[in-house]
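K.L.:
Let me see the structure of the following:
(3 chains)
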Amino acid sequence: MLRSGACARSACSRSLHEERTKDLEFFFQYLVAGITYGTIYAIVAIGFNIIYNATGIINFAQGEFVMLGGMTAVTLHRFMPLPAAILGAVVLTTIVGAIIEIAFIRWLRRPSVLRMIVITIALSILIRETALHIWGESVRSLPYFTGSSMTSFQWGGVYVSPQILWVIGIGVFVVAALGAFFNLTMLGRQMRACSANRDAARLCGINAGNMVTLSFMISAAIGALGGCIICPITYVQYDSGTPLAIKGFTVAILGGLGNSTAAVGAGMILGILESFSIWVLPAAYKEVIAISILLLILFVRPSGIFGSAEAARLKDF
Amino acid sequence: MTLLSVREVSKRFGGLQAVSDLSFDVAGGSIKALIGPNGAGKTTLFNLISGFLQPDSGEIVFGGEEIRKLSSCRIASRGMVRTFQHIRLFPGMTVLENVMVGRHVHSRSGFLAGMLNLPFTWKEERRIREKSLEILELLGIGAFALSEATSLPYGRQRIVEIGRALACEPRLLLLDEPAAGLNMRETGEMGKLIEKIRGMGVTVLLVEHDMSLVMKISDEVVVLSYGKKIAEDRPLSIQKNREVIRVYLGDDQ
Amino acid sequence: MVRRYSAVFAFALFLVAIQLATLFAGAGYYLTQLTMTAYYSLLTIGLCMLIGYAGQISLGHAGFFAIGGYVSAFLTTCDLTPHKGSALVSLLSKSGVLVFRPGLYGGTLLTVHPWPACVVAILLTVVIAYLVGGPVLKLRGHYLAMATLGFGIIILRIVLGTESLGAADGISDVPGFPLFPGLAISGDSSLRVSNYYMAWGLVILGMVFLLNLVHSRVGRALAAVHGAEDAASAVGIPTARYKLHTFVLSAVFASLAGVLLTHYNGGIGPSEASVMKSVRYVAIVAAGGMANLWGALMMSLVLNYLSLRGYFGTFDDAVFGIILLLIMLFAPDGLLRRHILADLGRMFSRNAAGEEGS
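P.N.:
This next block holds a predicted model:
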């Protein structure tokens, strides 16, 4: 769980009233934790959505971008100040994203969905194994961007670490920046045109291939950024990508595949649900909850809770 | 005797009313054609009848039984089999195997019998093959039994698809644009084939754009426009129907 | 049919040749990894049936393997001596479901006999496979892949998070499995040769079953469902039911492999349930050419053996990742073309002649 949550307990006399306020404090503590994780899930989900919109592919290596971002930042931080390390990590991961698209995706002619799934899975394995050989199995972490776990401030009994504010702040920034990019800039509009109708976009003189590369780069960049901001709280390890990927995918589905605004709301829902599940089930089963939610949505409403069922059926899977 | 009865069937896709309040009957032993301009709802109607889509309202009665809620495979096993506008043969299989798949509802060996290779499956397998070869001979494509189905010319692929449907021994055969993509000679042969199939006691309902074929072989024609039935009559009367002429040729006429 | 069985016979001879070669080379210890390979192959051919013939991908088959292995391991190691007094335990004990056996650290344990444990494991697998498969197989493409992956991770997390299943350590001290009187599946080095033959005998039996199935009415229907699902349904094939049955069948193969390998190894750990294992099985099926049971079997034999002997070193998972990537990039024909069906066509014509002769 969150480091700051650990110190929320204090020995004191147990009147019923105090138990209630304690419960309430725990409630908000879990809520804050849920929102923090939810932000990361939303960022991973948006990464899925960007590539999905551009290509119709679900990139199973999305979680690996997050891991790579975190790992690279940790390593770079040894040689340079934190902001530079994060910037470097994002740039390097973006390059990896571009290389992946150019080397393994671009030249395939009308690949089947199954083929693309397996290719991105294979890529995720290779990235993970490469990370294992570079960094080993050790768990790493970045320092808090500002302050430390000791400087957590209390908000009516709820401990909020400064890093949580960073996570939420950067999460909001990413969503806003992407919204502006896709709606206000020429390049963003070209990407949207490609995802709406690739052939028509091509006739308008848009280089659809480059737009796909760009989508992989953006997706890798925000994944890496997500990895950097969460890494001080959750740590990072060579294999921390897969669980993030599956939860990010859950969120993407929950919000309706391709719908990034809804993904934010869905991220919060999953983060909070997962956080509160600890009240009911042992923490070891936390992931079971998230994935059960995924299966449930897939079975009951694969178009997502915000999407339309009719539209989902029309999509060619 | 009515074999298929479509009663007040409607289907809507979002804002588009694809089929609205449509009713007609198909008499047993007849050839009935559905015509109409592009987008009139013909293929949607086929999908509704054959269970690939569920209607929003209305009834579909086949052989005295309500089939609206049945899945497509259930409907097929009750004796209504369709072909597709875009030919859907099984890739990688020979012509014979394609037709043998059509014998599915008339055979029964399951997973266990298949895995254990029980003796009764051998006999069944031989019967399936014999019957399928018989159908191929009947359709005049016996010589291609062992060719890969999807490598045949387009016209022959259509015949294989019809052969596969006939292997189910249907009471009602739904043909979705059987002459699409065929040249004039092939279209003529297709007309003869459809009449031959009717001669075997199979009722035929077809969607077709080729008017010469429709007028030549059908007993009755239903004309659709924007999901509504605008006429239902014998071919000769349809050709004179003012409403039909207006729909096909425009308002100026 | 003759050709089908002669290939099986040739494979059996090949296995005998390998055993004799290890005998003369005095390298009997190779048989241990070959036996383990056999059990993984059992899973692989079942998965090949699902992916190659029914056209449904599963990234969660390690989950079924783990269900089989863990249920069997748990039942055969959970000591019921403290509950000896209870009516149920004494009833089970009298009916032979429970047996006393010497424990690793002295004393006797009262545990479930491997046979009923195996039956329970398989039955549980069937139930879970039906429950999961029903809704999962309605999904396609990405959704199907993610759902099966999710299923696999759920099993892994449950195994890792449950103390009574040994959490991260897994379960050890699993007894041998007296498959036939006097023939036990066990890692005991004195039983190495008999275990080698038992394991591969089971694979051959499984292979015969699946080859028969492929060449049956059901196999033809599955190929039709895979090729053009709507057309298959239009001629009356219940596509959903056929996919589900194949899913359950492949799950049973996986679960049985899990049960037997657990008894052979004397234990099971959570790594058997990992996502990477599931992906590895898919990689082997892909390398074998998807709809090709013999290909899957051969690839499984070679790759699992090399992996178990440690030839890939620390690059074990990476090797399977690279195989998967290269196959999908350069030879996806395994997915698109079905060589076996061309063979099937030729065999049909031959069969016709053969059956008339017989």
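
K.L.:
The residue in the stretch 201-317 of chain A positioned nearest to chain C: how many residues sit nearby?
P.N.:
Nearest residue of the stretch 201-317 of chain A to chain C: A:Ala284, at 2.8 Å (C-beta to the nearest C-beta). Backbone N, C-alpha and C define where each C-beta goes, glycine included. As a burial measure, A:Ala284 scores 15 neighbours (other C-beta atoms under 10 Å in any protein chain shown).

K.L.:
Surely B:Asp25 is within a strand?
P.N.:
Yes - when DSSP: H, G, I helix; E, B strand; the rest coil is applied, B:Asp25 is found to be in a strand.

K.L.:
one step back: so the residue of the stretch 201-317 of chain A closest to chain C belongs to a strand, correct?
P.N.:
No - going by three-state DSSP, the assignment for A:Ala284 is helix, not a strand.

K.L.:
That one - nearest residue in space that isn't next to it in sequence?
P.N.:
Once flanking residues are discounted, A:Ala284 sits nearest to C:Gly161: 2.8 Å by C-beta to C-beta, 6 or more residues apart in numbering or on different chains.

K.L.:
Mind checking what secondary structure B:Gln17 has?
P.N.:
Strictly by three-state DSSP, B:Gln17 counts as strand.

K.L.:
That one: neighbour count?
P.N.:
16.

K.L.:
what about C:Leu222, neighbour count?
P.N.:
Counted with other C-beta under 10 Å, C:Leu222 comes out at 30.

K.L.:
That one is in contact with C:Gln56, isn't it?
P.N.:
No - with contact defined as C-beta atoms under 8 Å, C:Leu222 does not reach C:Gln56; the gap is 10.0 Å.

K.L.:
What helix or strand is residue 47 located in?
P.N.:
Defaulting to chain A. helix A:16-55 (DSSP states H and E).

K.L.:
my bad, chain C
P.N.:
Per DSSP H and E, C:Leu47 falls inside helix C:30-48.

K.L.:
Smallest gap between chain B and chain A, at which residue?
P.N.:
B:Gly14 (6.0 Å).

K.L.:
If I look at that residue, what pLDDT would I see?
P.N.:
The per-residue pLDDT reported for B:Gly14 equals 80.

K.L.:
Now it: phi and psi?
P.N.:
With angles defined as degrees, to the nearest 10, B:Gly14 sits at phi 60, psi -120.

K.L.:
residue ranges for the strands of the chain, please.
P.N.:
Assuming you mean chain A. A:153-155, A:158-160 (DSSP state E).

K.L.:
my bad, chain C
P.N.:
Under DSSP E, chain C gives strands at C:98-102, C:108-112, C:171-172, C:177-180, C:183-185, C:267-268.

K.L.:
which residues touch the residue nearest to A:Glu101 when sequence neighbours are not counted?
P.N.:
Of all residues not flanking A:Glu101 in the chain, A:Phe216 sits nearest, at 3.9 Å (C-beta to C-beta, 6+ apart). Shown in contact with A:Phe216 (C-beta atoms under 8 Å, 6 or more residues apart in numbering or on different chains): A:51, A:59, A:97-98, A:100-101, A:105.

K.L.:
Just give me how far stretch A:124-132 sits from the chain centre.
P.N.:
Taking C-alpha atoms, centre = their mean, to the nearest Å, one finds the center of stretch A:124-132 at 18 Å from the center of the full chain.

K.L.:
Hmm, I typed the wrong one, I wanted stretch B:132-152.
P.N.:
With C-alpha atoms, centre = their mean as the basis, stretch B:132-152 stands 19 Å off its chain's centre.

K.L.:
Could you do stretch C:140-150 as well?
P.N.:
What separates the centre of stretch C:140-150 from the centre of its chain is 20 Å, taken as C-alpha atoms, centre = their mean.

K.L.:
Next: stretch A:212-220.
P.N.:
15 Å.

K.L.:
Pull out the buried positions in that stretch.
P.N.:
By neighbour count on 16 or more other C-beta atoms under 10 Å in any protein chain shown, the buried set for stretch A:212-220 is A:212-220.

K.L.:
and residue 204, how many neighbours?
P.N.:
This is for chain A. 10.

K.L.:
The chain in question should be chain B.
P.N.:
23.

K.L.:
Chain A contacts on chain B?
P.N.:
With C-beta under 8 Å from any C-beta of the partner chain as the criterion, chain B meets chain A at residues B:13-14.

K.L.:
So which residues of chain B form helices?
P.N.:
B:42-49, B:72-77, B:95-101, B:111-116, B:119-138, B:154-167, B:184-199, B:211-217, B:235-240, B:242-249 (DSSP state H).

K.L.:
beta partners of B:Lys228?
P.N.:
B:Ser225 (DSSP bridges).

K.L.:
quick one, which of the strands of chain C is nearest to A:Leu24?
P.N.:
Each of these has some distance to A:Leu24 by C-beta to C-beta; the shortest is strand C:171-172, at 41.9 Å.

K.L.:
Please name the residues that touch B:Leu213.
P.N.:
Residues counted as contacts of B:Leu213 (C-beta under 8 Å, 6+ apart) are B:179, B:187, B:190-191.

K.L.:
Check C:Leu324 too.
P.N.:
Counting by C-beta under 8 Å, 6+ apart, C:Leu324 touches A:118-119, A:121-122, A:125, C:279, C:282-283, C:286-287.

K.L.:
and which of the residues you listed is nearest B:Val26?
P.N.:
The nearest member of the contacts of C:Leu324 to B:Val26, counting by C-beta to C-beta, is A:Val118 at 46.9 Å.

K.L.:
so that closest one sits right up against C:Val285, yeah?
P.N.:
No - using C-beta under 8 Å, A:Val118 is not in contact with C:Val285, being 10.5 Å away.

K.L.:
From the neighbour counts alone, determine which of those two ranks first.
P.N.:
C:Val285 (30 against 27).

K.L.:
so what's the closest residue to chain A within the stretch 201-350 of chain C up against?
P.N.:
Ranking the residues of the stretch 201-350 of chain C by distance to chain A (C-beta to the nearest C-beta) places C:Gly321 first, at 3.3 Å. When contacts are counted by C-beta under 8 Å, 6+ apart, C:Gly321 touches A:122-123, A:125-126, A:129, C:279, C:283.

K.L.:
which residues does the closest residue to it other than its chain neighbours contact?
P.N.:
Distance criterion C-beta to C-beta, 6+ apart; nearest residue to C:Gly321, sequence neighbours excluded, is A:Ile125 at 3.3 Å. Contacts for A:Ile125 (C-beta under 8 Å, 6+ apart) come out as C:276, C:279, C:317-318, C:320-321, C:324.

K.L.:
quick revisit: of the helices of chain B, flag the one that's most buried.
P.N.:
Sort those by mean neighbour count, taking mean count of other C-beta atoms under 10 Å in any protein chain shown, and helix B:95-101 sits at the top with a mean of 28.

K.L.:
That helix close to chain C?
P.N.:
Yes - for helix B:95-101 and chain C, the contact criterion (C-beta under 8 Å from any C-beta) is met by B:96-97, B:100-101.

K.L.:
so where is the chain shaky, pLDDT-wise?
P.N.:
Let's take chain A. Residue ranges of chain A with pLDDT under 70: A:1-20, A:149-151, A:156, A:302-317.

K.L.:
Sorry, I should have been clearer: chain C.
P.N.:
C:104, C:333-358.

K.L.:
biggest helix in it by residues?
P.N.:
helix C:239-265.

K.L.:
how about it: buried residues?
P.N.:
Residues of helix C:239-265 classed as buried under the neighbour-count rule (16+ other C-beta under 10 Å) are C:239-240, C:242-265.

K.L.:
ditto for stretch A:282-293
P.N.:
For stretch A:282-293, a neighbour-count test (16+ other C-beta under 10 Å) marks A:285-293 as buried.
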